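Trainee: Provided below for reference: sequence and predicted model.
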Number of protein chains: 2
Amino acid sequence: LTSLEGLGFALDPLDRASYEREDASEMARLRARGDARAILIARDMPVLLKDGAALNPLLPMAEIEALGGARVEALLGVTPDGAPVFAALLRDETVEQQSDASDGFLDRRALVVPGRDDLKLIDLRSISAGGLVPPDQASMLGSAKALMHWHARRRFCSNCGAETLVSAAGWRRECPVCKMHHFPRTDPVVIMLAVDGDACLLGRQPRFPKGMYSALAGFVEPGETIEAAVRREILEEAGVECDAVRYFASQPWPFPSSLMIGCFAHARGRAFEVDRVELEDARWFSRHETRALLERRHPDGLVAPIPMAIAHHLIKKWAFEDVDFTQFAQH
Amino acid sequence: LTSLEGLGFALDPLDRASYEREDASEMARLRARGDARAILIARDMPVLLKDGAALNPLLPMAEIEALGGARVEALLGVTPDGAPVFAALLRDETVEQQSDASDGFLDRRALVVPGRDDLKLIDLRSISAGGLVPPDQASMLGSAKALMHWHARRRFCSNCGAETLVSAAGWRRECPVCKMHHFPRTDPVVIMLAVDGDACLLGRQPRFPKGMYSALAGFVEPGETIEAAVRREILEEAGVECDAVRYFASQPWPFPSSLMIGCFAHARGRAFEVDRVELEDARWFSRHETRALLERRHPDGLVAPIPMAIAHHLIKKWAFEDVDFTQFAQH
């Protein structure tokens, strides 16, 4: 078995207790428990409690009231220890831009809770990449952030324009006028390595860190199979035709609420033409080179993504174990 | 390779030409072409043109105007022959309930275009199950229906309540007030066969046709991997714990806009407890029995879904070829 060690957001340990969501009295009972905890989200950022040198994302429920109440609360689930975990979306006004820019460039847009030096807002990408909380907590933060990002932008009914109400323990919004039910979005994204013999195709988007090359990716559209989306994206972005497609693994990616579907695709040849709107560059890398990318010893200073990203594991799987395209259906 | 022959909606032949969507003049040029065709959707139903005994879902563009204009038009893509194919959402008032119920029970809710006996509205499930159009056309209808179902319920901005405008050749809606961009939804659904040695777990929902048993299924939620969703759904619906999960194949399912992700899951045992809210019944079937279900010769009159559904192919794969759980990452 291939190890996916370090893959981000993929280890949510909660029992989602989804069959309890319609039971308001059970929700009230769980919320009142002494071991209940809340993950707080404000302006798409998790609010962490400083605990010595550590940061704790699981706050006492009383913090919701202390911080001015929540726009939305949702039951994320129950820990293996039986403790309920809620997510709460704080009002935007609860936090503000830090006026003191003394922390320098990286903190220039830092958000703070005024008067609460014991709380810290950190964007989830940095939390996960920096290992600021354990992987299971980062995964719960991912669930909370994706769900609250959706709520934050769904106050109105898209069908009739009326204000919607939160229901099902935070997992649905209902329109009181046209009665439409709205459910949280999860957007499937294919992310794939096109390979041909000893070479794999990697590209870089203009926004990538300097020197980073990664797998190509794109949203699955209505009417597409995963396999068709993989072939379309590689053809569109790099002009490479592929035939067989092989699923590898998946990952929730809460930026804002994607489901990354990692695949390999067998290329029909190496001729390619980069679409310069989507990509700054694309290249074929040899297996030897991709190992250097992963181990950060490529002579040109090029690197692969870190293990938090599924692209790292796609590249690693191919670089060290190869891929068998002869298995299962391809369509 | 496993054959997926008969799988519905999975053969959209169009080049989606997604990089042209922002180019309004190119859209106008494609729309004006003599070989351009439109798939018309009214109240979620395709409008087909009678052509002798056949039904044609690809109508001349002029029909859009003839039928009172479209609420939304979208470029679906370009056929292998180079012909542009559009989807158009007709106004609800263009069609009406058939007052004459002489066609009997099945047509009691039939929709018609008044004065146009050459047009027929048929729900897409019946079109595909009945093979009323070739598989590639049924697949295009699936793309059109999913996209237009989304548009039909997205007139207003969910963020601020303002009326939104269609952009990107029908693949985006933009809010002129808060500037939010809204993209079509594709909802990932896991559909899976739990297996243990010579037995697989099938269930039936109350709405299923009499005697039909199928694979369990459910939506992937924010923060879940495909594999976690598979395990959660089987545990919730049937009380069966699974460990290894293996991807099989995918299918667009335009009811209304799902992406079916077909998987196998290895069960830790056969003890189970049916959740009677979701399922009317669940049972373990032997390999011998599942072959009888597929071939419609089960002694109790039980049947598996037809080949249009990916569940058919999951069951068939396991019944005739078994499944290897030793490959690739499971998490």
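Mentor: That came through fine. Numbering: from 1, shown residues only, chains lettered A, B, ... in the order given.

Trainee: so what's the residue in the stretch 201-331 of chain A positioned nearest to chain B closest to, chain neighbours aside?
Mentor: Nearest residue of the stretch 201-331 of chain A to chain B: A:G223, at 2.7 Å (Cβ to the nearest Cβ). Where you see a C-beta, it was placed from the backbone N, CA and C, and this is true even at glycine. Nearest non-adjacent residue to A:G223, counting by Cβ to Cβ, 6 or more residues apart in numbering or on different chains: B:S143, 2.7 Å away.

Trainee: got the contact list for the residue of the stretch 201-331 of chain A closest to chain B?
Mentor: Residues counted as contacts of A:G223 (Cβ atoms under 8 Å, 6 or more residues apart in numbering or on different chains) are B:9, B:12, B:76, B:139-140, B:142-144, B:146-147, B:252, B:254.

Trainee: now do A:A238
Mentor: A:A238 makes contact with A:194, A:201, A:203, A:216, A:272-275, A:279, A:282 under the criterion Cβ under 8 Å, 6+ apart.

Trainee: Please tabulate these in CSV and include pLDDT as additional columns.
Mentor: Listed next are the contacts of A:A238 as CSV, based on pLDDT from 0 to 100:
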residue, pLDDT
A:A194, 98
A:L201, 98
A:G203, 98
A:L216, 98
A:F272, 91
A:E273, 93
A:V274, 93
A:D275, 88
A:L279, 94
A:A282, 96
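
Trainee: near chain B too, which of these?
Mentor: Checking these against chain B by Cβ under 8 Å from any Cβ of the partner chain, the ones in range are A:D275.

Trainee: most surrounded residue in the contacts of A:A238?
Mentor: Across the contacts of A:A238, neighbour numbers were computed from other Cβ atoms under 10 Å in any protein chain shown; A:A194 holds the maximum, 32 neighbours.

Trainee: And whichever strand in chain A runs longest, what's buried?
Mentor: Longest strand in chain A, counting residues (DSSP state E): strand A:242-253. By 16 or more other Cβ atoms under 10 Å in any protein chain shown, the buried positions in strand A:242-253 come out as A:242, A:244-253.

Trainee: What number of residues are in the vicinity of A:R297?
Mentor: 10.

Trainee: nope, A:L40 is what I was after
Mentor: Residues within reach of A:L40, counting by other Cβ under 10 Å, total 28.

Trainee: Then the one 4 residues further on?
Mentor: Taking other Cβ under 10 Å as the neighbour definition, A:D44 ends up with a count of 17.

Trainee: which residues does the residue nearest to it when sequence neighbours are not counted contact?
Mentor: Distance criterion Cβ to Cβ, 6+ apart; nearest residue to A:D44, sequence neighbours excluded, is A:H149 at 5.8 Å. Neighbour list for A:H149: A:41, A:44, A:254, A:256-257 [criterion: Cβ under 8 Å, 6+ apart].

Trainee: next one: phi and psi at A:H149?
Mentor: phi -60, psi -40 (degrees, to the nearest 10).

Trainee: Would you agree A:A217 is in contact with A:M192?
Mentor: Yes: with contact defined as Cβ atoms under 8 Å, A:A217 reaches A:M192; the gap is 7.3 Å.

Trainee: mind listing what the closest residue to chain B within the stretch 1-150 of chain A touches?
Mentor: As assessed by Cβ to the nearest Cβ, chain B sits closest to A:S143 within the stretch 1-150 of chain A, at 2.7 Å. Taking Cβ under 8 Å, 6+ apart, we find A:S143 in contact with A:12, A:14, A:76, A:87, A:252, A:254, B:221-224.

Trainee: let's see 7 Å
Mentor: Counting by Cβ atoms under 7 Å, 6 or more residues apart in numbering or on different chains, A:S143 makes contact with A:12, A:76, B:222-223.

Trainee: Counting neighbours, which of those comes out on top?
Mentor: Among the contacts of A:S143, the one with the most neighbours (other Cβ under 10 Å) is B:G223, at 30 neighbours.

Trainee: Can you classify that residue as helix, strand or coil?
Mentor: Classification of B:G223 by DSSP: H, G, I helix; E, B strand; the rest coil places it in coil.

Trainee: Close to chain B: what parts of the stretch 151-300 of chain A are there?
Mentor: Counting by Cβ under 7 Å from any Cβ of the partner chain, the residues of the stretch 151-300 of chain A close to chain B are A:153-161, A:180, A:184-188, A:220-228, A:232, A:236, A:247-252, A:257, A:259, A:275.

Trainee: Just the buried ones among those residues, please.
Mentor: A:153-161, A:184-188, A:220-228, A:232, A:236, A:247-252, A:257, A:259.

Trainee: I'd assumed A:H313 was in contact with A:L4.
Mentor: Yes: A:L4 is within contact range of A:H313, at 5.4 Å (criterion: Cβ atoms under 7 Å).

Trainee: Mind listing the shared neighbours of the two?
Mentor: A:A249.

Trainee: And these two? Which one has more around it.
Mentor: Each of A:L4 and A:H313 has its neighbours counted (other Cβ under 10 Å); A:H313 has more, 25 against 22.

Trainee: How much space separates that one from A:D196?
Mentor: Distance from A:H313 to A:D196, counting by Cβ to Cβ, to the nearest Å: 20 Å.

Trainee: go on, A:G161?
Mentor: Going from A:G161 to A:D196 by Cβ to Cβ gives 51 Å.

Trainee: A:M260 now?
Mentor: When distance is defined by Cβ to Cβ, A:M260 is 23 Å away from A:D196.

Trainee: With neighbour numbers in mind, choose between these two.
Mentor: The neighbour comparison of A:M260 against A:D196 (other Cβ under 10 Å) goes to A:M260, with 26 against 16.

Trainee: Assess the claim that the more buried one and A:Q251 are in contact.
Mentor: Yes: using Cβ under 7 Å, A:M260 is in contact with A:Q251, at 4.4 Å.

Trainee: picking up where we left off before, cross the contacts of A:H149 against strands and list the overlap.
Mentor: Among these, DSSP E puts A:I41 in strands.

Trainee: Looking at the contacts of A:H149, which one is closest to A:K317?
Mentor: Using Cβ to Cβ, A:P254 comes nearest to A:K317 of those, at 23.3 Å.

Trainee: Just confirm that closest one contacts A:A146, I think it does.
Mentor: Yes: contact status for A:P254 versus A:A146: in contact at 4.3 Å, counting by Cβ under 7 Å.

Trainee: So which of the two has more stuff around it?
Mentor: Just comparing A:P254 and A:A146: by other Cβ under 10 Å the higher neighbour count belongs to A:A146, 29 against 25.

Trainee: Now do the helices in the stretch 101-250 of chain A.
Mentor: A:124-129, A:135-152, A:226-238 (DSSP state H, counting those that start in this stretch).

Trainee: Where does A:A10 sit: helix, strand or coil?
Mentor: Going by three-state DSSP: A:A10 is coil.

Trainee: wait, it sits on A:S139?
Mentor: Yes: the criterion here is Cβ under 7 Å, and A:A10 meets it with A:S139 at 6.4 Å.

Trainee: quick one: contacts for A:R71?
Mentor: Contact analysis of A:R71 by Cβ under 7 Å, 6+ apart lists A:89, A:91.

Trainee: Would you agree it falls within a strand?
Mentor: Yes: assignment of A:R71 by three-state DSSP places it within a strand.

Trainee: that older thread, which members of the contacts of A:H149 define the maximum pairwise distance?
Mentor: A:I41 and A:S257 (12.6 Å).

Trainee: who touches both of these two?
Mentor: Joint contacts of A:I41 and A:S257 (Cβ under 7 Å, 6+ apart) do not exist.

Trainee: now the strands for the stretch 51-200 of chain A?
Mentor: Counting by DSSP state E, counting those that start in this stretch, one finds strands in the stretch 51-200 of chain A at the ranges A:54-56, A:59-60, A:70-78, A:84-90, A:96-97, A:111-112, A:119-121, A:165-167, A:172-174, A:181-182, A:187-196, A:199-204.

Trainee: Appreciated, that's everything.
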